[in-house]
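Colleague: can you look at this prediction? I've put the sequence above it.
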Amino acid sequence: KSIKKLLRYLQYTKNLSLLLEPTHTDNAELCCYTDSEWASHKKRKSTSGYIMFLNGCSVFWKVHKQNFVSCSSTESEYACVSDACNSLTWFDALITDIWMKPIQP
C-alpha cells in the first residue's frame, strides 16, 4: 500500500522541480531558519529542523529526531542551531568552491 502511495505521488509530481534563480550573480546570500520541538517524541527526544536558502531559493532542509534527551527547550534549540551551523559551514564552503563568494553578515 505504501509503495502504491509513493508511486502515485511520484506520478503526480513528476513535473514539479526546485528552480534556483539567483538574485545576485556574483555573490551568494545564504540564509538559514531553524526550529525545534522539545520532548515531542514518546521517548522524550526532541525534533529539530532547519531550511537553508540560497539567494531566496530553498536549497537544503532537514528534519530529524535528536539522538539524546534534552533537559530543556533551550538545550533542544541549541542542538538544532549547532546542527544547522555545521551544515551552513559545509554549504558555504561548497558554494565558495564552485562559483560564488558569500555575502558576509
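Modeller: Perfect, thanks for sending it.
Colleague: pull the number of nearby residues for Trp61.
Modeller: Neighbourhood size, Trp61 [other C-beta atoms under 10 Å]: 13. Glycine gets a C-beta too; all of them are placed from N, C-alpha and C.
Colleague: which residue packs closest to it, ignoring adjacent ones?
Modeller: Closest residue to Trp61 apart from its sequence neighbours, by C-beta to C-beta, 6 or more residues apart in numbering: Ile51 at 4.2 Å.
Colleague: quick check: Leu30 touching Leu88?
Modeller: Yes: in this structure, Leu30 is within contact of Leu88 by C-beta atoms under 8 Å, at 6.7 Å.
Colleague: overlap of the contact sets of the two?
Modeller: Residues touching both Leu30 and Leu88 by C-beta atoms under 8 Å, 6 or more residues apart in numbering: Met52.
Colleague: surely Leu16 is within a helix?
Modeller: No: Leu16 is assigned coil when assessed by DSSP: H, G, I helix; E, B strand; the rest coil, not a helix.
Colleague: so what's it up against?
Modeller: With C-beta under 8 Å, 6+ apart, Leu16 has no contacts at all.
Colleague: measure it to Ser2 for me?
Modeller: 21 Å (C-beta to C-beta, to the nearest Å).
Colleague: count of neighbours near Lys45?
Modeller: 17.
Colleague: ok, it touching Asn67?
Modeller: Yes: here Lys45 reaches Asn67: they are 7.3 Å apart, a contact under C-beta under 8 Å.
Colleague: so where do the helices sit in the chain?
Modeller: Remark: helices assigned in the chain by DSSP state H are 2-12, 73-98.
Colleague: dump these into a markdown table; add mean pLDDT, distance to Trp38 and mean neighbour count as well.
Modeller: Below are these laid out as a markdown table (pLDDT from 0 to 100; distance: least, C-beta to C-beta, whole Å; neighbours: other C-beta atoms under 10 Å):
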| stretch | mean pLDDT | distance to Trp38 | mean neighbour count |
| --- | --- | --- | --- |
| helix 2-12 | 90 | 30 | 9 |
| helix 73-98 | 89 | 4 | 15 |
